[in-house]
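> one predicted model, sequence on top.
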Amino acid sequence: MAPTAPLTPAPQPQPRSAALRARRAARTLAAVATAAVLAGAAAPAAYADGPAAPPQPKQQKLPKGLYGTTDPQYDGVWRQSLALLAQHTVGVRPAASAVDWLAGQQCADGGFAAYRADPGKGCDAHTMRDTNQTAAAVQALAALGGHGDAVQKAVTWLKSVQHADGGWSSMPAGPGGEASDANSTAVVIGALAATGTKPESVTAKGGKSPYDALLGFRLGCDAKEAERGAFTFQLKNPAPNADATAAAVTGALGKGFVVAPAGKDADRPVTAPDCAKGEVRGSDAAARTAAADGGAAWLVGQLDADGQHLRSAMPGAEQQPDVGNTADTVVALAAGAYGAEAQKPLAWLEKNAGGWAKQSGPAAYAQLIFAAHATGTDPRAFGGTDLVAALNATGPEPAGSGAPSAQKDAADGKDDGGIGMWWVIGVGLAFGAGIGFLISGRNKNKNAL
């Protein structure tokens with residue numbers, strides 16, 4: 001139900017998370033490539049294929065097991081976590097070296113930095129632990145199984161750096177530290193949910209919960225009419241932010257990167273805030289649903305005139321399709337069971353996102369797999385692209401079949417809560433969904449993200 005005259009997105013605040021910087025850089029590269037192609041040819045196929053990415057500067061030899069070929073300084077743990085979670089969701093058993101690399105990045109206190117070149121060297125006060133990377137690793141390791149102690153340590157660390165408002169920033173608070181932001185708070189909510197922890201039960205001193213913080217970023221009836229329902233990245237710059245809104249819609253519904261398909265009958269209409277009736281206050285279930293409805297309605301309003309994709313623009317350039325945020329929006333709409341609203345952007349992604357993912361790497365393939373899974377679409381036939389095979393090709397060869405199987409591998413004969421257990425669970429989910437799937441998002445590349 002796209003509007004006939006969509007709103008122009010407001011300028012986006014610049015998040016400082018390492019994961020978000022890396023995601024923005026990847027999307028900027030894709031936007032540059034897209035602009036170059038569109039300038040030289042009008043054929044839609046040119047955009048879908050995309051030109052070759054500019055050569056990468058020389059870098060250190062990447063470690064065994066790591067997905068992707070670009071410098072992992074800002075997004076190593078992020079992209080690894082999304083890649084492994086996406087594989088698990090579609091019934092692929094990741095390579096042991098890939099799982100070991102991710103688990104080996106954890107600091108003794110439970111937190112994760114974006115990348116540690118020498119994991120044998122302990123973390124110290126100068127190691128920049130990141131809540132986004134940590135929450136992503138929690139979601140991946142919790143799904144894979146066999147890493148209960150590591151997951152619990154990571155959750156304990158996340159709780160230890162919760163802000164007084166109930167939320168999180170990308171870097172732990174401290175003298176001169178960052179204020180809470182919607183994206184970080186949403187991804188931690190997803191991590192808590194992935195471990196079976198009710199986010200509302202995780203309260204800071206003073207009693208504030210993650211949902212109190214998350215809903216505090218919502219622009220309500222005191223905002224301009226065109227902004228109502230959107231979420232801002234941080235309160236210090238309360239401008240509507242598409243990336244923050246997509247993350248917040250999913251987080252408000254208590255979901256993480258992986259959103260189970262709601263079924264073809266899930267077709268709730270998006271509902272813009274009705275200020276004549278008054279806002280739903282608080283952070284209980286009703287308030288969270290109302291916030292998700294409002295956020296979804298705002299996202300739909302930001303789609304292009306044909307209701308197909310979000311848009312972004314670099315300074316001095318014309319607006320271009322924002323592929324990453326469109327994928328995150330599809331997941332958010334599916335999470336809220338806004339099935340009809342997700343169909344046009346999903347169809348656009350199937351036709352146009354292959355080149356972007358090829359340029360952007362494993363996290364981008366994971367985002368598309370998550371969007372496919374959330375909408376009940378086959379990620380192995382996504383607009384002519386086998387997203388699963390493409391993702392697998394960006395890292396070490398998986399240890400198990402790329403096609404879901406009802407049988408456990410022979411090596412998984414013992415049920416020790418590790419590989420054998422998660423393989424059975426993953427297969428069950430894959431068959432139940434009819435396909436497979438996995439998130440920023442959230443993609444996490446955060447603002448053009």
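Alright, I've got the coordinates.

> alpha carbons only for contacts and neighbour counts from here, please
OK.

> which strand or helix spans the residue of the chain most remote from its centre?
Of all residues in the chain, residue 276 has its C-alpha farthest from the mean position, at 33.8 Å, by CA atoms, centre = their mean. Assigned by DSSP states H and E, residue 276 falls within no helix or strand.

> now the one 5 residues further on
In this assignment (DSSP H and E), residue 281 forms part of neither any helix nor any strand.

> kindly report the same for residue 244.
Counting by DSSP H and E, residue 244 is part of helix 242-252.

> burial of residue 281, as a residue count?
Residues lying near residue 281 (other CA atoms under 10 Å) number 12.

> state the distance from it to residue 273.
12 Å (CA to CA, to the nearest Å).

> same deal with residue 94?
In this view, residue 94 and residue 273 are 43 Å apart by CA to CA.

> okay, helices next: where are they in the stretch 1-150 of the chain?
According to DSSP state H, counting those that start in this stretch, the stretch 1-150 of the chain carries its helices in the segments 18-40, 44-49, 76-89, 96-104, 131-144, 148-160.

> worst mean pLDDT among these?
Set side by side, the helices of the stretch 1-150 of the chain give their lowest mean pLDDT on helix 44-49, at a mean of 32.

> hmm, back to that, report the mean per-residue pLDDT for the next helix or strand after the helix holding residue 244.
Reading on from helix 242-252 to the C-terminus, the next helix or strand found by DSSP H and E is helix 285-302. Average pLDDT, helix 285-302: 94.

> which residues touch helix 285-302?
Residues outside helix 285-302 that contact it (CA atoms under 8 Å, 6 or more residues apart in numbering) are 1-3, 6-9, 211, 215, 218, 227-231, 242, 245-246, 248-250, 252-253, 270-273, 280-281, 307, 310-311, 329, 332-333, 336, 341.

> can I get the buried ones among those as something I can paste into PyMOL?
A single PyMOL command selects the buried members of the contacts of helix 285-302 (16 or more other CA atoms under 10 Å):
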select buried, resi 2+6+9+211+215+218+227+228+229+230+231+242+245+246+248+249+250+252+253+270+271+272+273+280+307+310+311+329+332+333+336+341
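
> next one: residue 287 from residue 99, what distance?
According to CA to CA, residue 287 and residue 99 sit 38 Å apart.

> actually residue 300, not the one I wrote
37 Å.

> and these two? Which one has more around it.
Using other CA under 10 Å, the more surrounded residue of residue 300 and residue 99 is residue 300, with 25 against 19.

> pLDDT weak spots in the stretch 151-300 of the chain?
173-177, 263-265 (pLDDT under 70).

> quick one: secondary structure of residue 185?
helix (DSSP: H, G, I helix; E, B strand; the rest coil).

> next up, the contacts around it.
167-169, 210, 213-214.

> and it, how far from residue 170?
For residue 185, the distance to residue 170 equals 9 Å [CA to CA].

> equivalent analysis for residue 226, please.
28 Å.

> neighbour count winner among those two?
residue 170 (26 against 16).

> where does that one land in three-state SS?
coil.

> ok, it to residue 135 distance?
For residue 170, the distance to residue 135 - CA to CA - is 10 Å.

> same question, residue 127
Distance of residue 127 to residue 135, given as CA to CA: 17 Å.

> out of these two, which sits in the more crowded spot?
The neighbour comparison of residue 127 against residue 135 (other CA under 10 Å) goes to residue 135, with 30 against 15.

> does the more buried one really touch residue 186, like I thought?
No - counting by CA atoms under 8 Å, residue 186 is not a contact partner of residue 135; they are 9.6 Å apart.

> ok, residue 122 touching residue 106?
No - using CA under 8 Å, residue 122 makes no contact with residue 106, being 9.6 Å away.

> which of the two has more neighbours?
Neighbour tally, residue 122 and residue 106, criterion other CA under 10 Å: the higher count belongs to residue 106, 26 against 11.

> thought the more buried one was touching residue 112?
Yes - the pair residue 106 / residue 112 is scored as a contact, 4.9 Å apart, by CA under 8 Å.

> for residue 121, see how far away the residue nearest to residue 116 when sequence neighbours are not counted is.
Nearest residue to residue 116 in three dimensions, chain neighbours excluded: residue 105, at 6.4 Å (CA to CA, 6 or more residues apart in numbering). The gap separating residue 105 from residue 121 is 10 Å, by CA to CA.

> looking at these two, which is more packed in?
When residue 105 and residue 121 are compared for neighbours, residue 105 comes out ahead with 24 against 9, by other CA under 10 Å.

> thought the more buried one was touching residue 119?
Yes - the pair residue 105 / residue 119 is scored as a contact, 5.8 Å apart, by CA under 8 Å.
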